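Participant: Sequence isn't available, so here's the structure alone:
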DNA sequence: TTTTTAAATGAATAAATATTCATTTATCTT
DNA sequence: AAGATAAATGAATATTTATTCATTTAAAAA
């Protein structure tokens, strides 16, 4: 007996991401996904019950992927700035290397395919960052502003960098990334 | 002879924005727009040739609205920081007071309804800001970093504030806005 | 190899959605 | 007020898109 092929799901996901990047969530159809994935339309329904299930599965997969990257190598005991820099870099790295997923996620947050509850709980992946920032405030490294805004500041900027770098085909070498980090750091530091 | 009613177009636009906020661009149908606008489906086609035309018109309207706000009261002769603060506040104000338009625009940039050329040219509204930042670098007020990133920094953050403030229903009084401006200013200042 | 089971296919069907148009209603003109 | 013109209606039609399923192909088990 052969089991359902994970690889095929990857194929489908990859095709979906590509199409969403090109045409938005509003632009995908099951036929277009199937065609892009080089499978028959009916095959899609072997792996997913319907369109919503496909989008929803991919959403969860992308959230999982991002959670795996954001706090890679993060050591809660390390000095504040070290930890902050690491997480900043990790998120940045994620946005750049998985740009299609980033776009897809963003669009999911304004889509009828993902329910409200899922949208809210999936934001929980930022929790360790929130804790680090709380600590940074206590230790007087950074401004004493509601963590809510500090995260908005950090994440909003990172997302925008990733978008512009991709759309305008800007090279982002280590040096430029550090310049960008400096902007962010100067903003939040006490 | 009665002319086509601008007010009705407003009604249609308002309905579209509301639905896009609730369900995303992927979620709107002509029937849902008509229903929300309290008109018959056929009436939509008196004002717009088709769905694409509706979305495209609204897109242009939103771009126009934003351009009108971003540089309101802006005086090119004023000191750098004065001008920067004004534009920052104006964009922030726009994002907050026209949040549905902001969301709609963002989704349009990843939609099949707007062609590439339009997407690119509509970014030109930031030109005066670009010039101000160039001047700020010459006058040594701000960091000597590619203006491209400076705008990403500023705009990315503003957009994220607006989103979070709206979704999490956070009050944004003058004081909090100034705190947020401070983060931004400390980031870009030399 | 033969049998059995899973996976894949894609044309056919069902459902949703865009668009049209004959008719009605409202507004303007004389 | 009567006639003419524009605007609005919404059911009917056309089109697109989701989903199903009878059939074929491929893989595993016996």
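Facilitator: Received, thanks. Model, not experiment: these values are computed from the prediction.

Participant: For the spatially closest residue to residue A:88 that is not a sequence neighbour, report the pLDDT, please.
Facilitator: Nearest residue to residue A:88, sequence neighbours excluded (CB to CB, 6 or more residues apart in numbering or on different chains): residue A:181, at 5.8 Å. Every C-beta, even on glycine, is put in place using the N, C-alpha and C of the backbone. Looking at residue A:181, its pLDDT reads 97.

Participant: and residue A:181, what element?
Facilitator: Using DSSP states H and E, residue A:181 sits within helix A:174-188.

Participant: what bits of chain A have low per-residue confidence?
Facilitator: Along chain A, the model assigns pLDDT under 70 to residues A:1-6.

Participant: From residue A:130, how far out is residue A:143?
Facilitator: Distance of residue A:143 to residue A:130, given as CB to CB, to the nearest Å: 15 Å.

Participant: Looking at those two, which one has more neighbours?
Facilitator: residue A:143 (18 against 14; other CB atoms under 10 Å in any protein chain shown).

Participant: Any chance of the backbone angles for the more buried one?
Facilitator: The phi and psi torsions at residue A:143 (degrees, to the nearest 10) take the values phi -60, psi 150.

Participant: From residue B:187, how far off is it?
Facilitator: From residue A:143 across to residue B:187, the span is 11 Å (CB to CB).

Participant: Tell me which other helices or strands the helix holding residue A:181 touches.
Facilitator: Where contact means 3 or more CB pairs under 8 Å, 6 or more residues apart in numbering or on different chains; DSSP states H and E, helix A:174-188 is packed against helix A:80-97, helix A:147-167, helix B:147-167, helix B:174-188.

Participant: Now the most centrally placed residue in chain A: which helix or strand?
Facilitator: The residue lying closest to the centre of chain A (CA atoms, centre = their mean) is residue A:102, at 4.2 Å. Residue A:102 belongs to helix A:99-108 when assigned by DSSP H and E.

Participant: so does that helix get close to DNA strand D?
Facilitator: No: using CB under 7 Å from any atom of the strand, we find that helix A:99-108 stays clear of DNA strand D, coming within 14.7 Å at best.

Participant: on that earlier part again, could you report the separation of the residue nearest to residue A:88 from residue A:109?
Facilitator: From residue A:181 over to residue A:109 the distance is 26 Å, taken as CB to CB.

Participant: and what of residue A:134?
Facilitator: For residue A:134, the distance to residue A:109 - CB to CB - is 25 Å.

Participant: What is the neighbour count of whichever residue of chain A sits closest to DNA strand C?
Facilitator: Nearest residue of chain A to DNA strand C (CB to the nearest atom of the strand) works out as residue A:42 at 1.6 Å. Around residue A:42 sit 9 other residues, with neighbours defined as other CB under 10 Å.

Participant: again with residue A:41
Facilitator: 13.

Participant: how about the residue lying closest to it once chain neighbours are set aside, what does it touch?
Facilitator: Nearest non-adjacent residue to residue A:41, counting by CB to CB, 6+ apart: residue A:34, 4.4 Å away. Contacts were defined as CB atoms under 8 Å, 6 or more residues apart in numbering or on different chains; by that measure residue A:34 touches A:15, A:40, A:41, A:43, A:44.

Participant: if you look at those, which of them are in helices?
Facilitator: Counting by DSSP state H, the part of the contacts of residue A:34 found in helices is A:15, A:41, A:43, A:44.

Participant: Return the members of those residues classed as buried.
Facilitator: Neighbour counting by 16 or more other CB atoms under 10 Å in any protein chain shown classes A:15, A:44 among those as buried.

Participant: Intersect the ones in helices among the contacts of residue A:34 with the contacts of DNA strand D.
Facilitator: A:41, A:44.

Participant: closest to residue A:95 among the ones in helices among the contacts of residue A:34?
Facilitator: residue A:15 (21.3 Å; CB to CB).

Participant: Relative to residue A:28, how far out is the closest one?
Facilitator: Using CB to CB, one obtains 9 Å as the distance from residue A:15 to residue A:28.

Participant: buried set for the helix holding residue A:181?
Facilitator: For helix A:174-188, burial by neighbour count (16+ other CB under 10 Å) applies to A:176, A:177, A:180, A:181, A:183, A:184, A:185, A:186, A:187, A:188.

Participant: The closest residue to the last one other than its chain neighbours: neighbour count?
Facilitator: Read that as residue A:188. Computed as CB to CB, 6+ apart, the closest residue to residue A:188 that is not its neighbour in sequence is residue A:142, at 4.7 Å. Counted with other CB under 10 Å, the neighbours of residue A:142 add up to 24.
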